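Undergrad: Let me see the structure of the following:
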Amino acid sequence: MWVEMQRAGVTADWQDPHLAAYASGAALRTLTSGLSSAAGQGIVIKGTIGVNPQVDSASAARVLVTDCVDDTHWLNYVAATGKLQNSAPGGRHLTQAVVTDSGGRWTVSQLAVRQAGTC
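TA: I've put the predicted structure just below:
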C-alpha cells in the first residue's frame with residue numbers, strides 16, 4: 001500500500017485506481033483525501049516512505065498491524081516549480097492498521113497515522 005501511495009504522490013493522483021488494490025473503506029478515504037488535499041494546493045509528494053510493519057494479532061479475517069512510518073524523505077514540492085514547499089522534514093509516525101479479508105482479497109481497511117515524532 002505504501003509503495004502505491006508513494007507512486008501516486010508524485011502526481012498527487014488521488015484517483016489512482018491502484019490504491020484500491022491495497023486499501024479499502026476508511027483507509028482508502030484517508031489516502032485519497034490526503035492526495036486530493038495536496039493536489040488542491042498544487043503540491044506533489046516525492047521521495048520514499050520507510051516502513052517496518054509488525055503484526056500485533058491475526059485471525060482468519062483480520063490482522064492488526066503497527067508500524068513507525070518514516071516520511072522523513074517523502075516531502076512536499078510545489079508542482080508548478082518543482083521546489084520544496086518548505087524546509088520542514090517529515091518524521092516518524094506511529095501508525096496502526098487493520099487489514100481485512102473481503103472475499104479472498106486482503107486490504108488495509110482502517111488506518112490511523114499519528115503526528116510526526118510519535119515513535
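
Undergrad: For the lengthiest strand in the chain, name the packing helices and strands.
TA: In the chain, with assignment by DSSP state E, the single longest strand is strand 62-78. Helices and strands touching strand 62-78, as assessed by 3 or more CB pairs under 8 Å, 6 or more residues apart in numbering; DSSP states H and E, comprise helix 2-9, strand 43-50, strand 54-58, strand 92-102, strand 105-116. Backbone N, C-alpha and C define where each C-beta goes, glycine included.

Undergrad: rerun at 7 Å
TA: Here strand 62-78 touches strand 43-50, strand 54-58, strand 92-102, going by 3 or more CB pairs under 7 Å, 6 or more residues apart in numbering; DSSP states H and E.

Undergrad: List just the one of these that sits closest to Thr11.
TA: strand 43-50 (6.0 Å; CB to CB).

Undergrad: for that closest one, what is the average pLDDT?
TA: Mean per-residue pLDDT for strand 43-50: 96.
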